[in-house]
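>>> dropping the sequence and predicted coords here.
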Amino acid sequence: MDRDDERPLYLQVADQLRAKITSGELREGDRLPSVPGLASDLRISRSTASEALKVLISEGLAVARSGAGTFVRLPREPQRLIRAWYRARPYGSPFRQDMERQGRAAGWTYDSQTIQAPPEIRNRLALTEAEGDTEDVVRTHYVFTADEEPVMLSTSWEPLATTRGTAVVLPEDGMLAGRGVVERMLSIGVVIDDWVEEVGARLGTADECEQLKHASGSIMVTIQRSYYAGKQPVETADIVVPADRFALVYSGKMGRTGEE
C-alpha cells in the first residue's frame, strides 16, 4: 500500500481490485479475495478490507453471495423493458415478448394464494370493507428470469369477485396459464381498456436483493401497476427491477386529433 497516498486505505485497496477487473486479470464470476485474505495479504484491518469490497459492490463490479463470498460482476448494458399498451402481439406474456426481442430466454416461478386483501390493496382495487376473515383476492408472487438469471419481481392481486368460479381464477393454472392479464380477463368477458403505472426508486429490501442476487441495499426501480375495465380495477401489481439491469421504455399510439 502507498502510505504517502492521503486517501483512505480502503479506497486504495478498492483501486487495486478494480484495476485487476478492468484489465481482465479478474473475470466475470471470479471470486474476489475474502476479507480475512485481503487483511492478511495487504496487512490491513479486516474493517478496511470489508469497506474496500463494499466499494466494488456499490459500483456494480462485484456481488456478495451469502455463505459463498464476493464475486466479480462486470457492468452490463441495461436491457430495455417495454411498457406499452400497443404491441406487435397484443396478447400473451409481455415479459416473454420483451425477452424474445432481446434474444433471451424468459422464465418465471410463482406462488399463488387466496387471501384477504390488506388495506392498501383494497384501496387500489376499490374493494368494499373486509368482512371477517373472508378471502377476497388472489395474490401471486413471481420471480422472473432471463437466461436463468433473476431480473424482476412482481406481486399481483386480482379480486375474486371478478374471477371466482372461472377457469382463470389462478393466473398460472389452466389453458391460459402465463398468457397475461389482458388475455385471461378477455376470456371471461372482462375487457381491459386502461392501465396506470407509478414509477419510483428505492433501496431494495434484504429479501428482494437476495431473490434478485444483488448486493444488499442495491437500488431498485419500482412500478405500481393497475389494470382497469372501464372504471373498475381488475388487477394491481407491485413490480421491482434492479436499476442497473433495465431501462424502462414507455410508448403508446396517439389518437386522432381532438380525441382524448
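Perfect, thanks for sending it. Numbering: from 1, shown residues only.

>>> check the gap between residue 33 and residue 16 for me.
10 Å (C-beta to C-beta, to the nearest Å). C-beta here means a position set from N, CA and C on the backbone, and glycine is covered the same way.

>>> which one of the two is surrounded by more residues?
Neighbours per residue, other C-beta atoms under 10 Å: of residue 33 and residue 16, the larger number sits with residue 33, 19 against 12.

>>> which residues does that one contact?
Residues in contact with residue 33 (C-beta atoms under 8 Å, 6 or more residues apart in numbering) are 17, 41, 49.

>>> tell me where the protein has strands.
Taking DSSP state E to define them, one finds strands in the chain at 62-65, 69-72, 79-84, 106-115, 137-146, 149-159, 194-203, 219-229, 232-242, 246-251.

>>> will you turn the ones you listed into a markdown table that also has mean neighbour count?
Output for those, formatted as a markdown table (neighbours: other C-beta atoms under 10 Å):
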| stretch | mean neighbour count |
| --- | --- |
| strand 62-65 | 19 |
| strand 69-72 | 18 |
| strand 79-84 | 16 |
| strand 106-115 | 15 |
| strand 137-146 | 20 |
| strand 149-159 | 20 |
| strand 194-203 | 12 |
| strand 219-229 | 18 |
| strand 232-242 | 21 |
| strand 246-251 | 13 |
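
>>> can you redo the ones you listed as a markdown table with mean pLDDT?
Output for the strands of the chain, formatted as a markdown table (pLDDT from 0 to 100):
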| stretch | mean pLDDT |
| --- | --- |
| strand 62-65 | 82 |
| strand 69-72 | 90 |
| strand 79-84 | 71 |
| strand 106-115 | 94 |
| strand 137-146 | 95 |
| strand 149-159 | 95 |
| strand 194-203 | 93 |
| strand 219-229 | 94 |
| strand 232-242 | 96 |
| strand 246-251 | 80 |
